[in-house]
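[1] I'd like to go over a predicted model; first the sequence, then the structure.
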Amino acid sequence: MKVIVLENAAQIGEELGKFYVDFINENPSCVLGLATGATPVPTYNYITKAYADGKVSFKNVSTFNLDEYCDLPKDNKNSYYTFMFQNLFSHVDIDPANVGFLDGNVTDYDAESKRYAEAIKAKGGIDVQLLGIGHNGHIAFNEPADEFTDEAFRVTLSESTINANSIYFDDAPMPRYAMTMGIGSIMRSKKIVLVATGAGKAQAIKGMIEGEVTPQLPASILQNHDDVVVYLDKDAASLLTK
Ligand code: PGA
């Protein structure tokens, strides 16, 4: 794992934003695995500004998002689909047909998982997967568990995740389930970039980088991938000793 420690979230947004602009310019038909949450927003802001300045185009880019809530309409203000259009897709020239999302409103979760795996495979796999990390070490919605998962599945969200995300659900109860890419699907990405900011993530980051590989801290599996770059601010890096 390569670890880059920067001063703050704004600096990470700029560095990582530049990485994406360069990557897309060098690989105009690339396949990006994208993440939601507060952490990637500065990066998305950098990219949308670069697009407005004519420095990058999403015309031939394809994307797959990590996860989506179950039992929440796609156009709900809190769906991850809405989040991605508000924070990135509506501001760039991506073809909506090239936007890949898990459907959290299906009844056959296994069929949905197969559909997503096939769709990713048909595009040649994910070139760069962007990840955040949960306070409990989750990546996408792979919560601490007894085993590492493989393809996408329907997950029961943990109390830690519900506590962290319920701030966004001011007028309705937060969903208890989500469809998430599995650990195997994430690990098959050619390159992985993980971002964490704030002291609240420091413990999970320490476990991910310096602890043992265990499904109880799902992000620790990234130690077994040969192209992972971790962007941290000083607070998220504060417990690292090595
Ligand atoms: P956050 O979420 O960026 O909102 O902290 C990250 C995650 O839960 O993976």
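    Yep, it's here.
[2] quick one, longest helix in this structure?
    helix 9-26 (DSSP state H).
[3] just checking, what packs against that helix?
    Judged by 3 or more C-beta pairs under 8 Å, 6 or more residues apart in numbering; DSSP states H and E, helix 9-26 is in contact with strand 2-6, helix 41-52, strand 191-196, strand 228-233. Where C-beta positions appear, they are placed from N, C-alpha and C, glycine not excepted.
[4] which one is Asp150 nearest to, not counting chain neighbours?
    The shortest distance from Asp150 to any residue other than its chain neighbours is 3.5 Å, reached at Gly184 (C-beta to C-beta, 6 or more residues apart in numbering).
[5] how near is that neighbour to Ala122?
    Relative to Ala122, Gly184 is positioned 17 Å away (C-beta to C-beta, to the nearest Å).
[6] who's more crowded, these two?
    With neighbours defined as other C-beta atoms under 10 Å, Gly184 and Ala122 compare such that Gly184 has more, 14 against 9.
[7] before we move on, back to that, including distance to Ala117, could the helices and strands packed on helix 9-26 go into a markdown table?
    As requested, the helices and strands packed on helix 9-26 are exported to a markdown table (distance: least, C-beta to C-beta, whole Å):
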| stretch | distance to Ala117 |
| --- | --- |
| strand 2-6 | 28 |
| helix 41-52 | 26 |
| strand 191-196 | 18 |
| strand 228-233 | 21 |
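[8] let's have the ones you listed in a markdown table, adding distance to the ligand and mean pLDDT.
    Output for the helices and strands packed on helix 9-26, formatted as a markdown table (distance: least, C-beta to the nearest ligand atom, whole Å; pLDDT from 0 to 100):
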| stretch | distance to the ligand | mean pLDDT |
| --- | --- | --- |
| strand 2-6 | 16 | 98 |
| helix 41-52 | 8 | 98 |
| strand 191-196 | 8 | 98 |
| strand 228-233 | 12 | 98 |
